[in-house]
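Trainee: only the shape, not the letters, is given here:
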């Protein structure tokens with residue numbers, strides 16, 4: 001699933017603005033009696049919190065008097081870090097008016113703390129963790145950083161009363177919660193995202209403030225002008241602000257390693273390097289610790305239950321028939337946590353009914369949140385303590401229409417080998433298993449794991465057709481890969497569901513063990529880093545299936561691609577296309593439903609084209625590709641290695657056969673007669689693949705300069721190889737069909753763009769070299785085209801060649817035009 005959604009991306013952006021704090025502010029100066037006299041009058045406690053007050057006790061004592069809300073803040077909570085998480089509790093018009101945002105979506109996250117200020121005030125500070133220093137010695141960095149890292153005061157509250165008996169301070173929070181201040185309302189950043197303007201105070205109010213032992217939940221109704229509605233109609237949200245007390249003693253962090261894929265959080269460490277600073281990254285993970293009475297058993301390697309297991313609730317709005325599959329998707333991870341020494345470490349539960357103390361919006365409750373949305377997606381974000389990386393909760397987004405996505409994937413990728421995939425509405429059992437797989441993937445993100453795009457590349461393609469091997473190992477070692485389903489398996493292989501579906505595999509169990517296993521005998525960071533480094537080296541040397549390939553779009557490493565399978569893209573793509581050729585013949589029948597038109601056929605034909613495009617792009621990535629393997633200095637071998645010229649030439653042959661030569665099987669006559677745009681869509685895919693291939697020129701050029709002979713696939717040779725494929729009619733004299741003419745026109749367009757000198761921009765030597773080679777190639781092509789014009793008998797082909805020659809002439813000699 002796509003886990004980097006807009007909300008997550010924006011939260012990351014916010015983190016760079018107000019990131020991570022390890023510098024405490026000095027206490028504010030004592031307030032003189034004269035200053036106190038000038039301050040706002042402080043009344044006796046019983047004059048403020050009177051008999052009309054409705055009082056609730058918890059982290060803060062909350063008093064509700066008429067329409068006013070008061071917080072009673074114990075002195076023990078002052079200067080304690082509090083994580084504030086803001087979410088949309090209810091969204092206007094199913095999120096349409098706010099750009100696809102729905103109930104449960106997070107819209108802000110920050111750390112705050114309360115402190116006493118002068119003149120009988122309580123201040124709320126925003127806390128950042130961007131820099132770190134623990135060296136408080138006379139010559140240490142702590143004091144200097146403290147002087148340069150003053151945390152902002154976000155709000156000031158006049159003290160209304162003191163509770164001397166309980167050592168607490170009473171403040172009125174009504175106005176600040178009702179105001180458009182970006183703290184308890186939509187922030188400036190998210191106003192742009194949600195397409196809203198100013199707050200309408202007369203249509204906004206506090207709905208409730210509930211307090212619990214570790215958190216306070218503030219629910220408000222906020223109405224805003226809309227910047228997205230031409231009629232001027234406002235939009236109304238229910239917002240929920242959760243104030244969660246962070247642990248007084250942060251969890252011991254585990255520091256990130258590029259060889260194991262974890263989401264992370266970090267800071268600039270001024271202590272790590274005596275001659276500079278270092279960016280330090282911690283992984284995000286849940287706090288799993290043995291119960292005190294089980295610690296010795298844990299040290300002996302026995303499975304023990306954690307003090308606090310990970311509990312993920314299922315949204316009550318979820319259709320009941322899918323609940324067991326979502327639960328199973330969570331519980332499947334238990335086997336991985338057993339590798340880390342914990343049993344019953346993670347579990348899913350249905351949300352309690354009729355329990356006033358339980359809320360889906362409560363930031364102390366984790367849940368899979370069901371969204372009534374046409375978005376075909378799901379995502380697994382989480383909230384963590386920025387001081388340590390401790391995951392505090394997750395709200396996994398489950399969009400209703402994700403079922404259409406997995407349906408289309410499964411029909412196109414598995415329809416050739418699984419008869420259950422050959423209809424527009426799957427049986428509940430099959431759809432349930434698809435939901436289970438997606439659930440497991442998103443829960444993996446909620447546990448801290450990143451995508452492992454390289455995992456599937458550790459599997460030999462031939463093994464993907466071996467039933468016994470697949471049932472033992474699965475078609476990819478990681479459910480965190482974008483490997484989807486086994487499209488390599490052929491009908492004659494007899495592969496069952498166990499060999500088609502992804503599941504939690506070797507890498508996932510290893511990654512959970514690496515991130516969550518505790519080492520009570522290791523007492524300091526340096527010792528743990530040394531131990532973990534050796535553990536990784538030893539583990540990878542014994543089992544290559546534990547290799548991690550990061551999520552890098554654009555495929556700089558052809559092994560780390562989304563939606564691919566196996567260790568050989570050409571071989572896997574060849575098998576995949578064999579299955580697509582089987583499926584396309586059956587699509588009209590599989591998509592047919594009584595009393596309906598051909599919309600289903602159009603949807604599934606497009607899905608088939610998407611799959612075809614993926615196979616081609618997996619192969620294209622080998623051209624100019626570089627294998628990247630993260631290592632420490634203790635490991636042998638290089639970090640960067642170019643794809644061999646032989647493999648790149650093999651990729652070129654494949655692309656010629658499957659793309660540049662007209663793929664007649666895609667121009668299926670029955671489908672072409674029932675879908676208006678089918679022919680143009682096929683041609684568009686071919687042009688996109690050709691354009692993408694030509695865009696690899698810079699990577700080829702870089703590899704020659706970087707690796708010398710090892711990376712040598714000369715650009716002129718690359719261009720000639722493509723030309724022989726795309727322009728083969730110039731040598732044979734064959735009539736040029738419509739698909740080929742379109743491809744050739746796109747070829748000329750790409751080269752015309754390639755030889756243009758950038759206007760008003762400096763041009764480097766490598767770019768000049770590339771332009772020179774491209775111009776020489778274009779000149780040679782023009783000569784071949786001119787030679788083919790006269791003998792050409794087909795009038796359309798002749799006109800096409802004449803026009804192509806003229807376009808090249810105009811590009812090479814623009815002043816003569």
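Mentor: Arrived safely. Just so it is clear, the structure is predicted and the values come from calculations on it, not from any experiment. Numbers count the residues shown, from 1 in each chain.
Trainee: okay, helices next: where are they in the stretch 201-350 of the chain?
Mentor: Applying DSSP state H, counting those that start in this stretch to the stretch 201-350 of the chain gives helices spanning 295-299, 323-331, 334-339.
Trainee: kindly reformat these as TSV containing distance to residue 706.
Mentor: Where C-beta positions appear, they are placed from N, C-alpha and C, glycine not excepted. Output for these, formatted as TSV (distance: least, Cβ to Cβ, whole Å):
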stretch	distance to residue 706
helix 295-299	48
helix 323-331	43
helix 334-339	39
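Trainee: of all those helices, which lies closest to residue 255?
Mentor: Checking these against residue 255 by Cβ to Cβ gives helix 334-339 as the closest, at 20.2 Å.
Trainee: what lies in contact with the closest one?
Mentor: 288, 303, 343-347, 504, 508-510, 512-513, 516-517 (Cβ atoms under 8 Å, 6 or more residues apart in numbering).
Trainee: quick check: mean pLDDT across that helix?
Mentor: For helix 334-339, mean pLDDT rounds to 97.
Trainee: pull the distance from that helix to the chain's centre.
Mentor: In this view, helix 334-339 has its centroid 24 Å away from the chain centroid, taken as Cα atoms, centre = their mean, to the nearest Å.
Trainee: for it, which positions count as buried?
Mentor: Neighbour-count burial for helix 334-339 flags 334, 336, 337, 338, 339 (criterion: 16 or more other Cβ atoms under 10 Å).
Trainee: ok, and the closest non-adjacent residue to residue 703?
Mentor: residue 711 (3.4 Å; Cβ to Cβ, 6 or more residues apart in numbering).
Trainee: tell me the confidence at the one you found?
Mentor: For residue 711, the predicted pLDDT is 72.
Trainee: coming back round to it: in strands only, show me the contacts of helix 334-339.
Mentor: Residues of the contacts of helix 334-339 located in strands (DSSP state E): 346, 347.
Trainee: give me the buried subset of the contacts of helix 334-339.
Mentor: For the contacts of helix 334-339, buried by 16+ other Cβ under 10 Å: 288, 345, 346, 504, 508, 509, 510, 512, 513, 516, 517.
Trainee: using TSV, please lay out the residues you listed together with distance to residue 743 and pLDDT.
Mentor: Conversion of the buried ones among the contacts of helix 334-339 to TSV gives the following (distance: Cβ to Cβ, whole Å; pLDDT from 0 to 100):
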residue	distance to residue 743	pLDDT
288	56	97
345	55	98
346	52	98
504	43	97
508	42	98
509	46	98
510	45	98
512	48	98
513	50	98
516	52	98
517	54	97
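Trainee: just these now: which is nearest residue 268?
Mentor: Distances from residue 268 to the buried ones among the contacts of helix 334-339, taken as Cβ to Cβ, are shortest for residue 516 (26.7 Å).
Trainee: how about residue 396, secondary structure?
Mentor: Counting by DSSP: H, G, I helix; E, B strand; the rest coil, the backbone at residue 396 sits in strand.
Trainee: I'd like the distance between the closest residue to residue 785 other than its chain neighbours and residue 734.
Mentor: Of all residues not flanking residue 785 in the chain, residue 805 sits nearest, at 4.7 Å (Cβ to Cβ, 6+ apart). Using Cβ to Cβ, to the nearest Å, we find residue 805 at a distance of 18 Å from residue 734.
Trainee: kindly report the same for residue 671.
Mentor: Residue 671 is 26 Å from residue 734, where distance means Cβ to Cβ.
Trainee: just want to know which of the two has more residues nearby.
Mentor: Between residue 671 and residue 734, residue 671 has the larger neighbour count (other Cβ atoms under 10 Å), namely 23 against 13.
Trainee: report the contact partners of the more buried one.
Mentor: Residue 671 is in contact with 584, 587, 588, 601, 605, 678, counting by Cβ under 8 Å, 6+ apart.
Trainee: also residue 281?
Mentor: Contacts of residue 281 by Cβ under 8 Å, 6+ apart are 255, 256, 264, 265, 266.
Trainee: quick one: low-confidence parts of the stretch 701-817 of the chain?
Mentor: By pLDDT under 70, the low-scoring segments of the stretch 701-817 of the chain are 762, 816-817.
Trainee: tally up the residues packed near residue 202, please.
Mentor: Using other Cβ under 10 Å, residue 202 has 7 other residues around it.
Trainee: quick one: it from residue 211, how far?
Mentor: Relative to residue 211, and taking Cβ to Cβ, residue 202 is found at 28 Å.
Trainee: Throw the buried residues of helix 334-339 into TSV and include distance to residue 299, thanks.
Mentor: Formatted as TSV, these follow (distance: Cβ to Cβ, whole Å):
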residue	distance to residue 299
334	21
336	21
337	17
338	16
339	16
